[in-house]
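Trainee: Give me coordinates for this.
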Amino acid sequence: LKEVAGRIVFAHTAGSPDQWDKKEIAENISAIVGLQKEDYPNFYERVTKSESVEELAELAEKGIETAFQKKKGEVQGFSDAIRIIMLQSIDVLWMEHLEAMEYMRSSVRLRAYGQKDPLVEYKNEGAKMFKQLEGHINAYIANLIFKIGPAPANFELKTVKPADSGN
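Mentor: Sure thing, here's the model as predicted:
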């Protein structure tokens with residue numbers, strides 16, 4: 001969550017301080033956390049009055065941390081839900097990554113016609129795509145964590161145990 005907050009701040013603080021989009025930082029953090037401007041007006045004020053990237057990053061991290069602790073206190077079995085979300089997110093995004101790597105592999109072959117070593121191109125593109133995958137996983141999980149709600153009263157989480165084959 002802290003990494004996602006840092007990326008949001010970094011993305012909107014390019015250039016000189018008068019070009020920073022502080023409103024967009026506050027809105028992005030609020031969108032992840034699921035709060036409306038009315039729910040957390042102090043956060044918006046503090047972000048717009050911030051003068052340094054470090055202060056903005058600290059505010060974003062504290063805002064997310066506060067919302068995380070609040071959500072953790074509200075939802076029973078929050079840790080289990082986070083674990084499930086993380087595993088499913090990684091699984092889905094990893095499968096997409098493998099498909100993208102397969103597509104990229106076929107496109108790298110064509111680069112040999114441009115006098116480029118396909119193996120070097122494949123390694124470079126693969127490393128770049130893996131870094132993007134890591135960022136996508138973090139952002140995807142961060143967005144889903146705050147969408148966890150309390151389970152219905154009659155809901156019970158059951159674990160499935162493998163059947164004993166007896167052979």
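
Trainee: So which elements touch the helix or strand Leu119 falls within?
Mentor: Secondary structure assigned from DSSP states H and E places Leu119 in helix 118-145. For helix 118-145, the helices and strands in contact under the criterion 3 or more C-beta pairs under 8 Å, 6 or more residues apart in numbering; DSSP states H and E are helix 2-12, helix 53-74, helix 78-109. For the C-beta atoms, the positions are set from N, CA and C on the backbone; glycine is no exception.

Trainee: Next, format those helices as CSV and append mean pLDDT, mean neighbour count and distance to Ile137.
Mentor: Output for the helices and strands packed on helix 118-145, formatted as CSV (pLDDT from 0 to 100; neighbours: other C-beta atoms under 10 Å; distance: least, C-beta to C-beta, whole Å):
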stretch, mean pLDDT, mean neighbour count, distance to Ile137
helix 2-12, 85, 18, 10
helix 53-74, 84, 17, 17
helix 78-109, 90, 13, 5
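
Trainee: Serialize those to TSV and add fields for distance to Lys23.
Mentor: As requested, the helices and strands packed on helix 118-145 are exported to TSV (distance: least, C-beta to C-beta, whole Å):
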stretch	distance to Lys23
helix 2-12	9
helix 53-74	12
helix 78-109	29
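
Trainee: Which residue lies nearest the spatial centre of this protein?
Mentor: Against the mean C-alpha coordinate of the chain, by C-alpha atoms, centre = their mean, the closest residue is Ala139 at 1.2 Å.

Trainee: got the contact list for that one?
Mentor: Taking C-beta atoms under 8 Å, 6 or more residues apart in numbering as the definition of contact, the neighbours of Ala139 are 4, 7.

Trainee: so how far is Gly6 from it?
Mentor: The gap separating Ala139 from Gly6 is 12 Å, by C-beta to C-beta, to the nearest Å.
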